[in-house]
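Q: Provided below for reference: sequence and predicted model.
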Amino acid sequence: QVQLVESGGGLVQAGGSLSLSCAASGNIASISAMIAMGWYRQAPGKQRELVASSTRGGNIDYADSVKGRFTISRDNAMNMVYLQMTSLRPEDTAVYYCNARYYSGTAHGELWGRGTQVTVSS
């Protein structure tokens with residue numbers, strides 16, 4: 001079993017910054033390749049949405065709403081992904097989930113973290 005463990009998040013005023021980290025732990029050896037790692041978020045009453053993703057090959061995608069404010073980075077060797085969030089807005093308030101898509105050598109799979117709360121006060 002492989003788990004994703006998020007850290008960071010919390011309460012910040014509008015205009016502030018926060019950093020999130022996510023590490024894959026457990027039976028990492030069962031994963032042949034971590035194809036992509038990224039972050040999603042879900043605000044109350046809304047659907048979960050992509051915030052940012054980074055593929056093993058270096059392709060990065062951002063939601064339009066966070067472009068220029070959030071930066072995703074990844075440590076492939078450590079199976080970690082980070083999200084640096086700046087110029088935070090109240091509408092960024094949500095539970096942020098780490099996501100990973102992987103290949104085990106025989107099948108593709110997907111992992112989710114438990115989520116970490118980010119609250120931006122106005």
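A: Received the coordinates, thanks. Numbering: from 1, shown residues only.
Q: so Ile28 is in contact with Gln3, correct?
A: No: using C-beta atoms under 8 Å, Ile28 is not in contact with Gln3, being 10.2 Å away. (Each C-beta comes from the backbone N, C-alpha and C, glycine too.)
Q: three-state assignment of the residue of the chain most remote from its centre?
A: Distance from the C-alpha centroid of the chain, by C-alpha atoms, centre = their mean, peaks at Thr106 (25.2 Å). Secondary structure, DSSP: H, G, I helix; E, B strand; the rest coil: Thr106 is coil.
Q: which residue, other than its chain neighbours, is closest to the residue positioned nearest the centre of the chain?
A: By C-alpha atoms, centre = their mean, the chain has its centre lying nearest to Trp39, at 2.4 Å. Excluding its sequence neighbours, the residue lying closest to Trp39 (C-beta to C-beta, 6 or more residues apart in numbering) is Val51, at 4.4 Å.
Q: can you check Leu111 too?
A: Leu111 sits nearest to Ala100 (C-beta to C-beta, 6+ apart), 4.5 Å away.
Q: got a pLDDT number for Ala33?
A: For Ala33, the model assigns a pLDDT of 87.
Q: which residue packs closest to it, ignoring adjacent ones?
A: Distance criterion C-beta to C-beta, 6+ apart; nearest residue to Ala33, sequence neighbours excluded, is Tyr103 at 4.6 Å.
Q: wait, doesn't that neighbour sit right on Ser30?
A: No: in this structure, Tyr103 is not within contact of Ser30 by C-beta under 8 Å, at 10.7 Å.
Q: partners of the helix or strand hosting the residue nearest to Trp39, with directions?
A: Secondary structure from DSSP states H and E places Val51 in strand 49-55. Partners of strand 49-55 in the sheet, by DSSP bridges, are strand 33-42 (antiparallel), strand 60-62 (antiparallel).
Q: which is the next helix or strand following the last one?
A: Once strand 60-62 ends, the next helix or strand along the chain (criterion: DSSP H and E) is strand 70-75.
Q: now the helix or strand following that following strand against strand 33-42, angle please.
A: Counting by DSSP H and E, the element after strand 70-75 in chain order, helix or strand, is strand 80-85. Between strand 80-85 and strand 33-42, the angle comes out at 30 degrees (axes from the mean of the first three to the mean of the last three C-alpha atoms, to 10 degrees).
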